[in-house]
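Undergrad: what's the 3D shape of this:
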Amino acid sequence: MTYEIEKTTSWIISDLYRGGNPNKAVLSSLRNAATMESQRAQAVWPIMMAWLDARYLSRNGTPTSAETAVYAALRFYAIHQQGKEQSVYGSAGGEDPEGQQLFEALGKMRRNEDTRVALDRRVQPLLATTNAASVINGLSHLVSILKANNSTQKIDYAHLAQDLYGLQGSYERANRVRLIWGQQYFRENQAGSKNEGEKK
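TA: Predicted structure coming up:
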């Protein structure tokens with residue numbers, strides 16, 4: 001499996017963040033447009049379409065799986081980035097030790113009993129649905145919750161784009177993505193059993 005969607009999304013986020021001088025107009029448009037077809041989303045089209053490989057672009061006006069995945073991840077990044085000087089994007093693949101997968105970060109929040117019930121109420125239906133639009137809508141709420149509860153956490157939005165692309169693929173690929181999300185989310189609650197220092 002290639003990770004072109006992830007790489008492309010990372011490049012676009014860098015383009016939007018501009019080394020600490022964010023493209024506020026485009027980020028604002030992203031926050032205010034739930035889907036790529038929205039008129040307000042047109043501000044990001046030139047950037048997205050310049051970075052995405054031509055084979056991932058729509059030919060008929062209906063967004064492709066790649067366009068949907070990248071746009072959603074960029075929108076989540078824009079929601080999280082609002083009002084912050086430092087970038088909230090960080091690669092969880094070893095390049096940025098502060099970057100985390102979204103569901104790992106949510107799993108850490110789940111350890112807090114005050115937020116666990118409300119989080120579970122949103123996450124469990126999301127993991128059970130097969131409708132990509134419903135998943136994306138649910139994720140936007142989770143990103144807002146994360147931002148409100150942990151303002152300094154960096155999230156790997158590029159990898160999330162890759163996951164969202166897989167979610168729209170075959171039934172097997174979609175199930176794999178949901179299982180990984182569930183593992184990341186629920187595993188974090190087992191903090192005591194993960195202490196590798198005691199095992200050595």
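
Undergrad: Can you read off the pLDDT for Thr115?
TA: If you check Thr115, the pLDDT there is 89.

Undergrad: in the host helix or strand of it, what counts as buried?
TA: Element membership of Thr115, judged by DSSP states H and E, is helix 113-128. Residues of helix 113-128 classed as buried: Leu119, Val123, Leu126, Leu127 (neighbour count, 16 or more other CB atoms under 10 Å). Placement of C-beta: from N, CA and C, glycine included.

Undergrad: low-confidence ranges in the chain?
TA: For the chain, the stretches with pLDDT under 70 are 1-2, 94-95, 188-200.

Undergrad: again, only this time at 50
TA: Along the chain, the model assigns pLDDT under 50 to residues 1, 189-200.

Undergrad: would you list every one of the strands in it?
TA: With DSSP state E as the criterion, the chain has strands at 99-100, 154-155.

Undergrad: can you list those in a markdown table and add distance to Ala174?
TA: Shown next, in a markdown table, are the strands of the chain (distance: least, CB to CB, whole Å):
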| stretch | distance to Ala174 |
| --- | --- |
| strand 99-100 | 22 |
| strand 154-155 | 21 |
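
Undergrad: Can I get the ones you listed in CSV including distance to Ile180 and mean neighbour count?
TA: Listed next are the strands of the chain as CSV, based on distance: least, CB to CB, whole Å; neighbours: other CB atoms under 10 Å:
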stretch, distance to Ile180, mean neighbour count
strand 99-100, 14, 24
strand 154-155, 15, 24
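
Undergrad: Identify whichever of those strands lies nearest to Pro63.
TA: For these, the distance to Pro63 is smallest for strand 154-155, at 22.7 Å, taking CB to CB.

Undergrad: Could you check how far the closest one is from the centre of its chain?
TA: 9 Å (CA atoms, centre = their mean, to the nearest Å).

Undergrad: and if you look at stretch 3-20?
TA: Remark: stretch 3-20 is offset 13 Å from the chain centroid, using CA atoms, centre = their mean.

Undergrad: likewise stretch 57-75?
TA: On the basis of CA atoms, centre = their mean, stretch 57-75 sits 14 Å off its chain's mean C-alpha point.

Undergrad: about what we covered before: quick check, nearest of the buried residues of helix 113-128 to Phe76?
TA: Checking the buried residues of helix 113-128 one by one against Phe76 (CB to CB), the nearest turns out to be Leu126, at 13.4 Å.

Undergrad: leaving aside the residues next to it on the chain, what's closest to the closest one?
TA: If the residues on either side of it in the chain are set aside, Leu126 comes closest to Gly138, at 4.0 Å by CB to CB, 6 or more residues apart in numbering.

Undergrad: Which residues are in contact with that neighbour?
TA: If you count contacts by CB atoms under 8 Å, 6 or more residues apart in numbering, Gly138 has them with Arg122, Pro125, Leu126, Thr129.

Undergrad: That one and Arg110, how far apart?
TA: As for Gly138, its distance to Arg110 is 16 Å (criterion: CB to CB, to the nearest Å).
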